[in-house]
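# sequence unknown, structure follows:
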Ligand SMILES: Cc1cc2nc3c(=O)[nH]c(=O)nc-3n(C[C@H](O)[C@H](O)[C@H](O)COP(=O)(O)OP(=O)(O)OC[C@H]3O[C@@H](n4cnc5c(N)ncnc54)[C@H](O)[C@@H]3O)c2cc1C
């Protein structure tokens, strides 16, 4: 790098910008991340709900569904490899009537009635809000 040039300039140090920067740096490129706040990851990336999404709500053949499912798998692999604390709780998507269609995606298992009852009875719950 000369004094006025850099291989890669990433604007924005959220999770996406940092991931892009990390990948370029790992390939030997000189990278600068420009962040307008005082530190990285302080905007949307620090305010999310902490969920590793499965991509089940996107259209089945969309790029969002494909990348989200792939990213989900790779995120769990990464967490395991680098001992990042995480919990894979699983998720029930419930039908409130018997004529509802099940979401159609390869990453979902159909829960049988017993597993739903087991799950519900395992909840340690004293109070709940409903909206
Ligand atoms: C309420 C909420 C809950 C969410 N929950 C989840 C969740 O549970 N799981 C999940 O996977 N995703 C969740 N998301 C989505 C996830 O948080 C975002 O998709 C992700 O953080 C976006 O990262 P980013 O790097 O694109 O954006 P950001 O984190 O916003 O990063 C962009 C960065 O660019 C900087 N920037 C902007 N303009 C400039 C400029 N001109 N010059 C320099 N820097 C600049 C900003 O300061 C910021 O730091 C949630 C989002 C919201 C809003």
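Everything's here; your move. Just so it is clear, the model here is predicted, and its values are computed rather than measured.
# list the contacts for the closest residue to residue 14 other than its chain neighbours?
Counting by CB to CB, 6 or more residues apart in numbering, residue 45 is the residue found nearest to residue 14 once chain neighbours are left out, at 4.2 Å. (Each C-beta comes from the backbone N, C-alpha and C, glycine too.) Residue 45 makes contact with 14-16, according to CB atoms under 8 Å, 6 or more residues apart in numbering.
# looking at these, which is nearest the ligand?
The shortest gap between the ligand and any of those belongs to residue 14, at 2.0 Å (CB to the nearest ligand atom).
# the closest one reaches residue 41, doesn't it?
Yes. Residue 14 sits in contact with residue 41 when judged by CB atoms under 8 Å, with a separation of 6.1 Å.
# pLDDT below threshold where in the chain?
Of all residues in the chain, those with pLDDT under 70 make up the ranges 1-2, 96, 98-108, 131.
# which residues in it form strands?
Per DSSP state E, the chain has strands spanning 8-11, 31-34. These are given in chain order.
# ok, which of the ones you listed comes nearest residue 113?
Among the strands of the chain, strand 8-11 comes nearest to residue 113, with 49.5 Å by CB to CB.
# helices and strands around the closest one, which ones?
Other helices and strands packing on strand 8-11, by 3 or more CB pairs under 8 Å, 6 or more residues apart in numbering; DSSP states H and E, are helix 15-26, strand 31-34.
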